[in-house]
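A.B. asks: no sequence on hand, only this structure:
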């Protein structure tokens, strides 16, 4: 899962939006540093990542990547799942529009940014103002996202080429999303993630 899915599932779980969004920027035991609610959010994010990576649909989706991009497929898939969530937001969360949900999330997270890791603060400088999570709905936008990630990390250069796997297998990947994500939503609503 990427930014949008983590925020969505955190919201449904009534978990810390800050903790869930910031989790990839925190190492070690979050209870040593963060207030309980934020630490719980970080730990929820980590559980969701482990759970998602182990899902049969997600494992099967990796087979649709070529040999040269399969190694980075977990990262690409995280972005792809956000694409489908953004694209189909109204079907999954009809009570609130995506822009309204994101405005709320930003209003909760922004006041706490000064105490967060600098890299996370830098991400937030772009995440909200450039409306990344809304733009994820456009499949072509993901090409720029993956290219950007590849250019910042030479070891992940294959991310740029993984966009083609996404486009070439768009329908099957969308089918996988619909097979597992509604289950994740139900678990979040029951607070059993």
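C.D. replies: Structure received. None of the values given here were measured: they were computed from a predicted structure.

A.B. asks: close enough to count as contact, residue 30 and residue 45?
C.D. replies: No: in this structure residue 30 lies outside contact range of residue 45 using C-beta atoms under 8 Å: 9.7 Å. In this view, the C-beta of every residue, glycine as well, is placed from N, C-alpha and C.

A.B. asks: quick one: furthest residue from the center of this structure?
C.D. replies: residue 32 (24.9 Å; C-alpha atoms, centre = their mean).

A.B. asks: what's it in contact with, if anything?
C.D. replies: Counting by C-beta atoms under 8 Å, 6 or more residues apart in numbering, residue 32 makes contact with nothing.

A.B. asks: what residues sit buried inside stretch 90-104?
C.D. replies: 93, 98, 101-102 (16 or more other C-beta atoms under 10 Å).

A.B. asks: mind putting those residues into TSV with secondary structure and distance to residue 139?
C.D. replies: Below are the buried residues of stretch 90-104 laid out as TSV (DSSP: H, G, I helix; E, B strand; the rest coil; distance: C-beta to C-beta, whole Å):
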residue	secondary structure	distance to residue 139
93	coil	20
98	helix	16
101	helix	21
102	helix	19
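
A.B. asks: redo those residues as TSV? Include distance to residue 111 and pLDDT.
C.D. replies: Putting the buried residues of stretch 90-104 into TSV (distance: C-beta to C-beta, whole Å; pLDDT from 0 to 100) gives the following:
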residue	distance to residue 111	pLDDT
93	24	97
98	22	98
101	18	98
102	16	98
